[in-house]
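>>> Need a 3D model of the following:
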Amino acid sequence: MKQRVLVSSIIMGLYASLAIGSAMAQSAGDQPTNSAKADTQKKKEEATSLEGITVSGSLLGRPEYQTTTPVQVINIKADIAAGQFTTADFLQTTSAAAGSTQINNQFGGFVIAGGTGVQTVNLRGLGSNRTLVLLDGQRPGPAGTRGQVGAFDLNVIPQVILQSIEIVKDGSSSIYGSDAISGVVNLITKKRLDHTETSFYFSGPEHGGGQQMLGSIGTGWNLDNGNIMIAAQVDRQQPLRVGDRDFLNCGRDMVWGTDGKRIDRQDHSVLQGTSLAGCNNLYANTVIYYWNSNNRFVPGGGSSGPFPGYHLRPYPTKTYANSPQAYYEDQLNFPFYGSTYAIDEQQRASLYAATSFNFGNVNWDSQFLYNNRKASHDSFRQFFPVVEADQAAGWVDPLKPGNASKPPYFEPIMPFPSNSKAEVDYFYGATKLSGGFTASSSWSWQVNGTYSRSSGDYSTLGINLANSGDLANDGNMLDKPLINYFEPCILNGQCMNKLVNAIGQVASGNTVYTQATVNAIANGDLFHLPAGPVSAAVGVEYRHYTIDDKPPPETWGLTSALETKGSDNVHEFFGEVGIPLLHDLPGVESLTLDGSARQFKYQSVGDSSSVWKYGVNWQIIPSFRLRGTIGTSYRAPGLYELYLGNQSGFLSQASIDPCLNWGDSNNDFIRKNCAAAGIPADYGASGNPSATVYQGGGKGFLKPETSRAKSAGFVWSPTFADLNVAVDYFDYSIHGEIASLGASSILSGCYGLPVYPNNFCTQFHRNSPSDAANPNMITDVHATYINVNSERTRGYDFQLDYSQDLAFGKVKAGAQLTYTISDIYQQFDSAEASGLASSELVGYIGRPHMVGIFDASLKRGDWTFYWQGNYTSSTSNKDLPAVFTYQGYKNAVRDLKAEWQLRHSVSAEYNGGKYQILFGIRNLLDQKPDLVSPGADTFAGVQGNTPLGASQYDWFGRTYYVRLNMSF
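Here you go, the predicted model:
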């Protein structure tokens, strides 16, 4: 209550001061004094000198190294010289983002918010939906597919229109509103072009795959009272397939014995002795007896059962506990697997236009952006229906002969293509009127209106449920399959096209997201204090946004959601004031206090809420300054979190239960926890029906997230060199985070984490081991959006910029480093309830303690030479012991650590006046991702033995690139 009164008082005071300040400014303007004239002239000179570097983080505006809030300006030119050519590249590699997993094209095969091909930025590891992205200070709406569209998709912003990028590295809801919890990214566009510019770019990895091409053109016209600019860009990212890289195409156990030699299980399948052997990529080409899943028929070695060419594999599996050599006979790899996309294929086309006109004291600026994005991902999945095998009638189960009286039901496991596509059309329009109140007043005003619309079509090659022949699924309409699933070429994938033609179904959906915003802001000087003018800004804003996702129909293994449809709106009032307290005193060159507040009311929330922020800026001497901030932020539930289509679907026991045949699992926690639950090691869920899964949005019970952020640091700008150094401490604390607990995540969280039981185990029901009908069966899972507990992250940012003219040329250098001290995340009220021995995330794979980027350039004549280094510290799995018992082998050793890495990029650019040409090599030393054993990446898993969560690594390898710019 006190906070709300405080915020209301600040805003009311700012509105009252606006009227007083305007009157005082007008009175002073009637008879300007010499001092006032001098101040005005000085301000004009300062404004001129700072033009182009006034940065975000305040409605009042200050240069990068003079802001109270830590702000970083991205050096786009240096990033381009290092072979980065997309908006996503520029942002995801910054130190404020690179310390956590970033959603890029390597996650195309995963279910992610925004759908196939989306690329977002996640500052501080707090989530992309807590990072606000602006375009010239205004909110563009998100783009993407499926019902979970919310975070801004960086794909829609073409690089050709960018002038600079600024990152506000602090909680900023009081300045920018909801979502600005971890910070703000402001994408600033070019405002005019006086000529025509074209740019062509090509990059090609040395080892093939992943080529990238880009072409752009821009031109402009200067008119008597304004200018017009248009630009277009097309670019294409070719896919990188897992077969293109040895560190992606083969997943191995990676275990060493006490003598230091590898002791991985041997591959005794039909692949033995081939280049495909020993890779744990895809489990298929197997027939499982439905009533006892320990009976599995695998190819090769003659027939010992009803299926020609398939024999009954040994049970129990051969391990070091029951055999001199652990081995398996199941087929876990296939020739076609190498065509799986590791990096998605992307095609983007953008059109952009901007106009700026002046009509006396009024300026009119407008923007129009259209972007079309196409993304595709190719991969494979399993298809395992329950069907009756006529040829197996009368077969006797050697493990449980009593099953002979049951129907001859079997589960053939076949590979099936799981290819997905997405196409998104995105439109954004913005218009702004601005001007001054009077010619002599310091006050100015602006009114902004924006509208964005994203329409995305998405599709996945699925399996027609009605024609599946799956006797265990109620949606099946057939007594017998359309083709013989027990045919060897169907089981091993050689006749995959025949299988697709028989039961394949392209399931398509469409997602439309719209957002409309209008705001008005006024800022200027209220009055003068002895230390200087008191500046202020006040404003109002209204936003309205809608989502309508029409999901695809249900297919085998994938239930259909209901339509996700809803809307929300918010009314906001905000203000900021900058107060100079002291000036020109010993030890106090200047001391200023900033305060900002925002009050808002979301229709979906009901009650109004408010946030605030204070900052202190103390210039001790001309070269040294201290700064600090403290404030609160807020995030209202997103549309998809409120309205995700409520649904009750069915998932098979095999698709969600980690305790199935846990005796064969290499996961320490699953083995321990499933045993503690009383589940037999050979539990196969034979004959059990699917589990009912309840999902949906949280409208009616979801609450907004709240947070508090602190920052404190210093800036050193010595007079003896062109040098700026900034060091800042950051501390974010978030409460009531909104999260979705999927069915698989809930089951994995219960049994696959160090502490059991935990609160994940309360989100589903499982029959007891003594249940007469279906022992140990999962009956239902409740997976909706909920408010979880809290997260707190703390650390330091270091930033340096240096420039020096020397006899042999001009040298520039820059550095940005982020050291994260701690990131405590609890989904529930303690680490133990969250299933973890510790809630500390920093140090896990994907969450390094330190990341950094270093830049250096030398300009000599028409040539400029560049170097960039990207550093990430080592990470590891902190829950698992490196020494463990592997397949009955005691004191075995596995690799749980992803080593530190420093990658280098070099280039040279020649400036020929009307043209510039750049040649470079990215990842000069061809450094590969550090490989780990399966299970090392707790949160994202592995591709091959490459940790997926470690997006800091480079999958392309040494890459050559060239860029040609021409002006006309």
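>>> just how off-centre is stretch 712-727 within its chain?
32 Å (C-alpha atoms, centre = their mean, to the nearest Å).
>>> In the chain, where is pLDDT below threshold?
Along the chain, segments meeting pLDDT under 70 span 1-55, 61-66, 108-109, 303, 559-560, 646-650, 652, 655, 685-687, 830-838.
>>> Let's check: the centremost residue of it is which one?
By C-alpha atoms, centre = their mean, the mean C-alpha position of the chain lies nearest to residue 103, the distance being 3.2 Å.
>>> what sits against it?
Residue 103 makes contacts with 112, 114, 118, 119, 120, 122, 128, as judged by C-beta atoms under 8 Å, 6 or more residues apart in numbering. C-betas here are computed from N, CA, C, even on glycine.
>>> so which helix or strand takes in the nearest residue to the first one once chain neighbours are set aside?
The reference is to residue 112. Setting aside the residues directly before and after it, residue 112 is nearest to residue 103 in space (C-beta to C-beta, 6 or more residues apart in numbering), at 5.8 Å. Using DSSP states H and E, residue 103 sits within no helix or strand.
>>> ok, now residue 540?
Residue 540 belongs to strand 532-550, assigned by DSSP H and E.
>>> for residue 218, same thing?
Judged by DSSP H and E, residue 218 forms part of strand 212-223.
>>> which of the residues in that strand are buried?
Across strand 212-223, burial judged by 16 or more other C-beta atoms under 10 Å covers 212, 213, 214, 215, 216, 217, 218, 219, 220.
>>> shouldn't residue 309 be in contact with residue 297?
No - using C-beta atoms under 8 Å, residue 309 makes no contact with residue 297, being 9.4 Å away.
>>> out of the two, which sits in the busier spot?
residue 297 (24 against 14; other C-beta atoms under 10 Å).
>>> Helix, strand, or coil at that one?
At residue 297 the chain is in strand, as set by DSSP: H, G, I helix; E, B strand; the rest coil.
>>> and residue 88, what element?
Residue 88 belongs to helix 87-92, assigned by DSSP H and E.
>>> Pull out the buried residues from that helix.
87, 88, 89, 90, 91, 92.
>>> Reformat those as TSV; add distance to residue 563.
Formatted as TSV, those follow (distance: C-beta to C-beta, whole Å):
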residue	distance to residue 563
87	31
88	30
89	35
90	36
91	33
92	32
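>>> chain center to whichever helix or strand comes after the helix holding residue 88: distance?
Note on helix 87-92: by DSSP H and E, the next helix or strand toward the C-terminus is helix 95-98. When distances are taken as C-alpha atoms, centre = their mean, helix 95-98 is centred 12 Å away from the chain's centroid.
>>> Repeat that for stretch 361-374.
Mean C-alpha position of stretch 361-374 versus that of the full chain (C-alpha atoms, centre = their mean) differs by 26 Å.
>>> what do you get for stretch 807-820?
With C-alpha atoms, centre = their mean, you get 28 Å for stretch 807-820.
>>> Report the backbone C-alpha coordinates of stretch 103-110 in PDB.
The C-alpha coordinates for stretch 103-110 follow below in PDB (Å, rounded to 0.1, in the frame of the first residue of the first chain):
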ATOM      1  CA  ILE A 103      17.100 -20.000 -28.600                       C
ATOM      2  CA  ASN A 104      18.600 -20.100 -32.100                       C
ATOM      3  CA  ASN A 105      18.200 -22.300 -35.100                       C
ATOM      4  CA  GLN A 106      19.600 -25.400 -33.500                       C
ATOM      5  CA  PHE A 107      16.400 -25.800 -31.400                       C
ATOM      6  CA  GLY A 108      14.100 -26.300 -34.500                       C
ATOM      7  CA  GLY A 109      13.300 -29.900 -33.600                       C
ATOM      8  CA  PHE A 110      12.100 -28.900 -30.100                       C
END
